[in-house]
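Student: Need coordinates for the following:
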Amino acid sequence: MIGLFYIFWGARQYAIGAIGGFLLFSAINALLWLPEAREEGRELERAASLKRSMELIEQRSRTNAEINALDDAGLCAALGGRWVPDKKLCE
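Tutor: From the prediction side, this is the model:
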């Protein structure tokens, strides 16, 4: 009977230790690691967004340069129209 008591007591200590470890890990996770991970995620998303914005601005600048280099007839053709030189009109 006393042997069973010691087995039960030992199992109870392991259970208390496991619960205590879980609670300690959960507290550290909630207070330290999770906020840092969220902030790191925000910073990565901001960096990716900024990079994509810069790529779009560069692409738009190239497009503007190409369009500005076109004359009226070239612009008309680029838009899918047909340039009528007599009327100086795009149809």
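Student: so what's Leu89 bridging to?
Tutor: Counting by DSSP bridges, Leu89 forms beta bridges with Val84.
Student: Start the count at 51 instead of 1 going forward.
Tutor: In the new count, where the first residue is 51, that last one comes out as Leu139.
Student: and the gap between it and Ala87?
Tutor: 61 Å (Cβ to Cβ, to the nearest Å). To be clear about C-beta, it is placed using only N, CA and C from the backbone, and glycine gets the same treatment.
Student: quick one, helices of this protein?
Tutor: Assigned by DSSP state H, the helices in the chain fall at 52-78, 84-119, 122-128.
Student: Now do the second one: which elements does it pack against?
Tutor: For helix 84-119, the packing partners by 3 or more Cβ pairs under 8 Å, 6 or more residues apart in numbering; DSSP states H and E come out as none at all, with no helix or strand in contact.
Student: chain center to that helix: distance?
Tutor: Centre-to-centre, helix 84-119 and its host chain are 11 Å apart (Cα atoms, centre = their mean, to the nearest Å).
Student: any idea of the mean pLDDT in it?
Tutor: Mean pLDDT, computed over helix 84-119, is 92.
Student: And the residue most central in space within the chain, how far from Pro85?
Tutor: Nearest to the geometric centre of the chain sits Glu95, at 3.8 Å (Cα atoms, centre = their mean). Relative to Pro85, Glu95 is positioned 16 Å away (Cβ to Cβ).
Student: One more: Asp121?
Tutor: With Cβ to Cβ as the criterion, Asp121 and Pro85 are 58 Å apart.
Student: ok, now Lys138?
Tutor: To Pro85, Lys138 is 65 Å away according to Cβ to Cβ.
Student: cool, and Phe75?
Tutor: Phe75 is 16 Å from Pro85, by Cβ to Cβ.
Student: Okay then, goodbye and thanks.
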